[in-house]
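> Below are the sequence and a predicted model; questions follow.
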Amino acid sequence: MFRYIVRRLVLMVPMVLFITAFVFLLGQYGAPDLALERTLRLNNNVFDQEIYENLKLNMGLDGSPVERFVRFVGNAVQGDFGVSYSLPGNPDVGRLILGALPISLQLGLAALVIALAVGIPAGVLAAVYRNRPLDYAIVTVSTVLSSIPPFVLGPVALVLLVSTFQVLPSTGFGWHGLFSTETLLPASVLAAGPLLVVLRFTRSSVIDVLSQDYIRAARAKGLSTAALVRRHVVRNAMTPVLSALGVVAGFLLSGTIFIETVFGIRGFGHVTVTAFQSGDVNTVAAATLVSGLIAAIVNLLTDLLYGVLDPRVKVSA
Amino acid sequence: MKLDPASTHDPVANPANLANPASEDPPITNELPVPTPPHSLWGDARRTFFRNRMGVFGLVVAVLVLLIAITAPWIAPYGYAEQDWNAIRQGPSAAHWMGTDAVGRDLFSRVLMGIRTAVLMGFVVSLATVVIGVLAGSLGPLLGGRVDALVVWIMDGLLNFPAFWLAAFVAVITKPAVATLAQPMYEATGWAMFENTLVFDYLVVFLCLSLVWWAPLGRLVRGQVLTLREQEFILAQRAIGASPWWITTRHLAPNVLGQVIVQVSTGIGTLMLAESALSFLGIGIQPPGASLGNLIYTGMTSWRAEPHLVLMPGLTLSVIILAFVFIGDALSDALNPRVRDR
């Protein structure tokens, strides 16, 4: 088991490095010369070779792109992602991301809880009432809700719930902590996409379990449907649902970027979008590295959890 | 007498079969068998598809969207970048069906052109992903060795990373590169398109989506080719001396095609969504170019006062995405017999 984890972690490294290198090296080509811009700004729009060379050295812009990438990775391993040259005050990128990440993680966690708490019961209901009106209603409503892109669902929810019906407070922008009412709306909108994934996996898994012989035996001894589902179906159906968690994590990761833009939450997604819009190569490369690591770790955790919960799955080193 | 079926047909284990190999044939009679209508895969698929009401709804919307996309410049009542300073921030009216934005552009015309952008990207990028995906998925197993290992490695890397994130990163990163590359192209050809930043936007979106989006298709084709190659009917073809070309076109391609069609048709909707999403984040198509995503983003700045600026493009995009989701579901029911009962 331990060897398996180590092996996966080692295999993960070249993959994340490859993607970061791809983004970093492409970013060097045709990027605006930041040192030149700064030289002109410092020296009243007159070019000065000495200032330029010094700035290049200071900003880490000297050497070939490959050299710069090696240096970037070397520093990143030690937790130093450099500074952002397009944000006011040139903040440290590592600290910027580290400060924003907990907000996004909490938001994602809230959304995950909502998706599971609504998706699993709805999926079980749909499976038990398979091919009957209730099933169709559940599947259709959740398909519609989760197909609407988050950057449409968010504004629509804002217009309807805050503007028109005034169910929610109107000053709900920004981050007010995990357990505040303001978190409910962004987390629910974020949960809409993963909800369908959870629901579909639960439904088909419960349908599989319901066709098993031991369910017929349990029915034959006179168990009611409710007791049957509670005692025999749900627990056995949950293992396949776990394999949905990887997909769900992907949804959450790309979902936060829109939710944070729509609701003005200053999390990891917000930092990334700001970097996108200002073409800040350092922050974009760091964000690639961080999100690549998150994705890889989530994949590993899902596989491990799968092995723990279903003893038939053997992890081989 | 019921024996193991394997042994009844084995002349060594059951010598009776040697003397009379056709002993299990039905007795010959004068009656002709009642003819049943022929069932082809595609005929069955079509019937199943059209029995699905949601699928038909999706198809109708998709055809409508396609028509709008083709005719948008002619059916739009105003130019998509045409500004009317006497009609700023108006609500929906007879003259402006969806109202006007902050610089007096007609929202309805912009939504129509936004649909055109999304459809263009959806189809062109789909085509690119099919080419890359099918090539990568089939050449890997065919050539084997290092090439195969490299293709699998790249595919795994792309699949492990949320596709949209990667596309966004690549879009940000390639934008200056495309502009830098276009400069000498303009000097060499003198074509205005190499100077048009809107064309750059389209190129960047096309590049970043094509580079990232082919991986699932590649994996699908690769998996299919690998399993099909080992099956008896391919072995039988090889045994009777069929050429690799014949096997590929007559036996491999039709078997892979169904699933590729399902994946591509659902993929078009996702790609249209991805284009809008990139534009929403400000790294895809930028104003004054029309994209549903940037319409929503610009509309968001005044959602309290003018909710229609967000709602109209937003709902349009949602209906289109839903239509493609329904088509995808109906197609996978129709072409994938294994999940038909789900």
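Yep, it's here.

> A:Val16 - nearest residue in space that isn't next to it in sequence?
Spatial nearest neighbour of A:Val16, excluding adjacent residues (C-beta to C-beta, 6 or more residues apart in numbering or on different chains): A:Gly292 at 4.2 Å. No exception for glycine: its C-beta is placed from N, CA and C like everyone else's.

> gap between the host helix or strand of that neighbour and the chain center?
Per DSSP states H and E: A:Gly292 is located in helix A:281-309. Relative to its parent chain, helix A:281-309 has a centroid offset of 9 Å by C-alpha atoms, centre = their mean, to the nearest Å.

> got it, and stretch B:94-103?
How far stretch B:94-103 lies from its chain's middle: 33 Å, per C-alpha atoms, centre = their mean.

> What are the buried residues along that stretch?
B:His96, B:Met98, B:Gly99, B:Thr100, B:Asp101 (16 or more other C-beta atoms under 10 Å in any protein chain shown).

> which among the residues you listed gets closest to B:Pro33?
B:Met98 (62.1 Å; C-beta to C-beta).

> Let me know the pLDDT of that closest one.
For B:Met98, the model assigns a pLDDT of 78.

> same deal with B:Leu295?
88.

> and B:Phe206, how many neighbours?
Number of residues near B:Phe206 (other C-beta atoms under 10 Å in any protein chain shown) recorded here: 16.

> Oops, could you answer that again for A:Gly154 instead?
28.

> contacting residues for it?
Shown in contact with A:Gly154 (C-beta atoms under 8 Å, 6 or more residues apart in numbering or on different chains): A:Pro186, A:Val189, A:Phe258, A:Ile259, A:Val262, A:Phe263.

> related to what we said a few turns ago, show the pLDDT at the residue nearest to A:Val16.
pLDDT, A:Gly292: 81.

> and it, what does it touch?
Here A:Gly292 is in contact with A:Met15, A:Val16, A:Ile19, A:Thr20, B:Phe161 (criterion: C-beta under 8 Å, 6+ apart).

> Ok, B:Tyr202 next?
Per C-beta under 8 Å, 6+ apart, neighbours of B:Tyr202: B:Thr117, B:Leu120, B:Met121, B:Ile285.

> looking at this, the second one is in a strand?
No. Under the criterion used here (DSSP: H, G, I helix; E, B strand; the rest coil), B:Leu120 is helix, not part of a strand.

> Hmm, it is touching B:Ala69, no?
Yes. Contact criterion C-beta atoms under 8 Å: B:Leu120 and B:Ala69 qualify, at 6.9 Å.

> what about the residue nearest to A:Leu134 when sequence neighbours are not counted, distance to A:Val118?
Once flanking residues are discounted, A:Leu134 sits nearest to A:Leu125: 6.6 Å by C-beta to C-beta, 6+ apart. Going from A:Leu125 to A:Val118 by C-beta to C-beta, to the nearest Å gives 11 Å.

> where along the stretch 51-200 of chain B do the helices fall?
Using DSSP state H, counting those that start in this stretch, the helices assigned to the stretch 51-200 of chain B run over residues B:53-75, B:107-143, B:145-160, B:163-189, B:197-213.

> typo on my end, the stretch 201-342 of chain B
Under DSSP H, counting those that start in this stretch, the stretch 201-342 of chain B gives helices at B:215-229, B:232-239, B:244-246, B:253-280, B:292-300, B:308-335.

> Cool, thanks, talk later.
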